[in-house]
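J.: please find the sequence and the predicted model below.
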Protein chains: 2
Amino acid sequence: MMEAVLELPQFDSGQTPHERADAARNRLRILAAATELVEARGIEHVSMDDVARAACVGTGTLYRRFGDRAGLALALLDQHTREFQDALISGPPPLGPGVAAAERLRAFGEGYLDLVERHVELLVVAEPPGRIVDGGPYSLYATHLALLLREAAPQIDAEFTAQALLAMLRPAQHLYSRRGLGWSLERVRAGWCGLVDSLSGGPGENR
Amino acid sequence: MMEAVLELPQFDSGQTPHERADAARNRLRILAAATELVEARGIEHVSMDDVARAACVGTGTLYRRFGDRAGLALALLDQHTREFQDALISGPPPLGPGVAAAERLRAFGEGYLDLVERHVELLVVAEPPGRIVDGGPYSLYATHLALLLREAAPQIDAEFTAQALLAMLRPAQHLYSRRGLGWSLERVRAGWCGLVDSLSGGPGENR
DNA sequence: CATGTAAACGGAACGCGCTCCGCTTAGGAT
DNA sequence: ATCCTAAGCGGAGCGCGTTCCGTTTACATG
């Protein structure tokens, strides 16, 4: 609960000008305070001023570190998403490499749905109001999906389809599926698999 | 530009208690003022206070009429979406009934993309921050798509797939496709058709 | 026309995200 | 040890969406 997102051990190879000691200390204080508050009340009942006060820093400091509310939420999510991303790239199959693309597509959906399910509120806040993040974790997901789709469904526009599939897993959309429409997680999971299978040409290789 | 969304001609068959004359007058004043301001500066540069001031009403009145900013945006969109909805249900083919489901799916995407393209900013604002509207026009679209999918692609969960397809057309997502990823409208259109065709079993009935 | 009342009104006030800017300080250079 | 300066700091302040509540008003009723 304390070692969330420690970014650079001491300094990072000359590129960034160095991170001042007080800045690092404040970053950790903020993350610790924010984690605690969010755990206690849920992020929708935690204001930026709450975090600043609990961390004993000014609001200016908070914003210089994390840019905005979405940035802070993203930082709080960082460890969880990083685990998932690592599993995608170098973890064991079927999430990681080593099996057919169609199967990995299914695994991606199921794994990501678990992630979303655990952290919806945070993920919703991490999505800036109105528009969608560019540099966030989504570009990696999109690339990953496009790669798998190119292999599993060569006849269609892989990048477009990757975005379309991803759109269904976006936090706000998932929240709507679950709470607005009242769908069970199992239904969403099954829907994802069905859709992906249909695109790759059926569950086996039939149809 | 004046006759946007006149809700009830005089009174509506006993259900609603009647709409007071001043209330109706204010509603029209607000819509007229809002339309003008939005046309002049774009909605992102029009605050609720701006609208209230231009319409010569208090902010309280504004909020009682339209609920919130998203509600106002929705009201401003009303005429355009209504046209499209009518075309879906009772217009000429291929948007309206009379041709194969696969073709109508394609037409829906193309028509809706035109609508979104014309009114993205308004549509983005009409989408409440974080979560997605329940009673808005989306439920009609979802039902419509599900119906067509049930016919065109019987092997998959039609409602789920309807939501997935719709998710790609959501204003924020579309904005990302167009501006964030820099995709041309033609590419998005082609992507939609390709995806829909792939689900219904190919452009002809081949594959 | 007089009266009662529910609906509508307006704008002050609140909460919150975010910015701005004058002051402080870490830490390299001398 | 001292100095210099860029980075960091804090919190007052701003804009805006939204709510609250005391006052006003349309209009049904008698």
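T.: Structure received.
J.: secondary structure element holding the residue nearest in space to the middle of chain A?
T.: Nearest residue to the geometric centre of chain A (CA atoms, centre = their mean): residue A:81, 4.9 Å. Assigned by DSSP states H and E, residue A:81 belongs to helix A:69-90.
J.: give the contact list for the residue nearest to the centre of chain A.
T.: By CB atoms under 8 Å, 6 or more residues apart in numbering or on different chains, the contact list for residue A:81 reads A:115, A:137. From N, CA and C alone the C-beta is placed, and that goes for glycine too.
J.: name the helices or strands packed onto the helix or strand following the helix holding residue A:81?
T.: The C-terminal neighbour of helix A:69-90 among helices and strands, as given by DSSP H and E, is helix A:101-126. For helix A:101-126, the packing partners by 3 or more CB pairs under 8 Å, 6 or more residues apart in numbering or on different chains; DSSP states H and E come out as helix A:69-90, helix A:138-152, helix A:158-169, helix A:171-175, helix A:185-200.
J.: dump those to a markdown table, plus mean pLDDT and distance to DNA strand C.
T.: Putting the helices and strands packed on helix A:101-126 into a markdown table (pLDDT from 0 to 100; distance: least, CB to the nearest atom of the strand, whole Å) gives the following:
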| stretch | mean pLDDT | distance to DNA strand C |
| --- | --- | --- |
| helix A:69-90 | 95 | 3 |
| helix A:138-152 | 95 | 19 |
| helix A:158-169 | 97 | 23 |
| helix A:171-175 | 94 | 16 |
| helix A:185-200 | 96 | 28 |
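J.: now what about stretch A:123-140, what contacts it?
T.: Taking CB under 8 Å, 6+ apart as the rule, stretch A:123-140 contacts A:43-44, A:68-70, A:73-74, A:77, A:81, A:85, A:88, A:116, A:166, A:170-172, A:175, B:124-125, B:127, B:129-131, B:172-173, B:175-176, B:179-180.
J.: can you say which of those are buried?
T.: A:43, A:69-70, A:73-74, A:77, A:81, A:88, A:116, A:166, A:170-172, A:175, B:124-125, B:127, B:172-173, B:175-176, B:180 (16 or more other CB atoms under 10 Å in any protein chain shown).
J.: and of the helices and strands packed on helix A:101-126, who's closest to DNA strand D?
T.: The closest of the helices and strands packed on helix A:101-126 to DNA strand D is helix A:69-90. By CB to the nearest atom of the strand, the value is 12.1 Å.
J.: now that closest one, how far from the chain's geometric center?
T.: Its chain's C-alpha centre and that of helix A:69-90 lie 5 Å apart, by CA atoms, centre = their mean, to the nearest Å.
J.: on that earlier part again, please report how far the residue nearest to the centre of chain A lies from residue A:75.
T.: Residue A:81 sits 11 Å away from residue A:75, going by CB to CB, to the nearest Å.
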